[in-house]
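**Student:** Sequence below, structure please.
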Amino acid sequence: MIIDLPNTSTHIISQKLSALREERGEVATGRVLTLIVVASSEDDLPRIIDATHEASREHPARVLILVNHRKSDEVHLDAEIRLGGDAGASEIIVMHNHGELVAHRASVVTPLLLPDTPIVAWWPTNGPRNPAADAIGMLATRRITDSLHDDDTDALFRRRMTYTRGDSDMAWSRITLWRGLLASSLDQPPYEPIDSVELTGPADDPSTDIAAGWLAEKLQVPVTRHNSGTDAIPRDDKGNKTISIEKAVLHRESATVEVTVVDSETVSMKVGDKESLVTLGRRPLADCLAEELRHLDPDYAFGHALRGLVRVNRPERTNRLPNYRGASIPDEAPDRWSASVADDHFAEQESRR
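**Tutor:** Got it, this is the predicted structure:
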């Protein structure tokens, strides 16, 4: 069921939800959290709604999707209530903010928050520089960004500088299965320590970056991150999307570990002379969102992976400033990814919390 409420207010939306609950016998007490999605008029709204729909099968929630129309001059609020088959196990409220309402989006969403439930904020594309300091982020206990779809190609590093417990990124959840596979490879003989690591992936893929930071922090060995030269979302020979970390090599004294993408559904894992094929494909957005909603406590592993970013050797990334996709890069610009001052700043931010 989809109910349109043009030129409305949050008070009218609340009244309509109460009337629908009485009419349909639905109650809000079955919702385990409130999910606030902050989007813009340029975003792929059906993709975002589908992801929240699928994730709600595991996490029944009240989903508040704020669509900001920054170029609109007229101040008004258009809403859409989705229930039943159009919302999964949740109730989805899509609110289009026009004009000055964009600047007051926290005030717009506050009357519709469920009482006594956790609040999660998700930015599917361009997120704030500091999610914890954002008006919506201050309402939430968990804040999820997506550096892959951010116009700033250095968004992951930028948010590293403002990291607060409760922050997370879809770049991290996209490689959960890959991380498990790589860790399982070390359970096979000869059980030797890792001497160094090499990772290869697209230049603008934050998942490869955070994987490199994770390995650098956990293993305390040299980690080199190579650029494959492919698109940010790589594809196999048939044009199907593959996982972004196209190759990982863990160097040991006698038995090197190699994990290499074969196609969209398969990777090759080679430990020494033994090779096996493992089913592993690119995770859909809904699966990543459902994983992020599974644990609402701070993701300390993600925080440590961020801290390891400055320890990663990136030979193809010299002389580069934070860049926006499509913008030019000054040749004389320093590389902030390897700046020691960044590591000191991160440690200082952590000590204050």
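
**Student:** Okay, strands next: where are they in the stretch 201-350 of the chain?
**Tutor:** In chain order, the stretch 201-350 of the chain shows strands spanning 223-227, 247-251, 257-263, 266-271, 274-279, 312-313, with DSSP state E, counting those that start in this stretch as the criterion.

**Student:** partners of the third one in the sheet?
**Tutor:** Strands adjacent to strand 257-263 in the sheet, as given by DSSP bridges, are strand 247-251 (antiparallel), strand 266-271 (antiparallel).

**Student:** I'd like to know which of these is closest to Ser185.
**Tutor:** Among the strands paired with strand 257-263, the nearest to Ser185 by C-beta to C-beta is strand 266-271 (5.6 Å). From N, CA and C alone the C-beta is placed, and that goes for glycine too.

**Student:** mean confidence score for that closest one?
**Tutor:** Averaging pLDDT along strand 266-271 yields 96.

**Student:** Next, the angle strand 274-279 makes with that strand.
**Tutor:** Relative orientation of strand 266-271 versus strand 274-279 (axes from the mean of the first three to the mean of the last three C-alpha atoms, to 10 degrees): 150 degrees.

**Student:** Give me the residue at the spatial middle of the protein.
**Tutor:** Among the residues of the chain, Met170 comes closest to the average C-alpha position under C-alpha atoms, centre = their mean, at 1.8 Å.

**Student:** quick one: that residue and Leu148 touch, right?
**Tutor:** Yes: contact criterion C-beta atoms under 8 Å: Met170 and Leu148 qualify, at 6.7 Å.

**Student:** Now render the strands of the stretch 201-350 of the chain as a markdown table, adding mean neighbour count and distance to His96.
**Tutor:** Output for the strands of the stretch 201-350 of the chain, formatted as a markdown table (neighbours: other C-beta atoms under 10 Å; distance: least, C-beta to C-beta, whole Å):
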| stretch | mean neighbour count | distance to His96 |
| --- | --- | --- |
| strand 223-227 | 21 | 39 |
| strand 247-251 | 20 | 43 |
| strand 257-263 | 18 | 40 |
| strand 266-271 | 18 | 42 |
| strand 274-279 | 11 | 41 |
| strand 312-313 | 21 | 41 |
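
**Student:** want to throw those strands into TSV with distance to Glu292?
**Tutor:** Shown next, in TSV, are the strands of the stretch 201-350 of the chain (distance: least, C-beta to C-beta, whole Å):
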stretch	distance to Glu292
strand 223-227	24
strand 247-251	23
strand 257-263	24
strand 266-271	23
strand 274-279	23
strand 312-313	24
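
**Student:** which one of those lies closest to Leu114?
**Tutor:** Shortest distance between Leu114 and the strands of the stretch 201-350 of the chain, using C-beta to C-beta, is found for strand 274-279: 38.3 Å.

**Student:** which other residues reach that closest one?
**Tutor:** Here strand 274-279 makes contact (C-beta atoms under 8 Å, 6 or more residues apart in numbering) with Leu181, Gln188, Val262, Glu265, Thr266, Val267, Ser268, Met269, Lys270.
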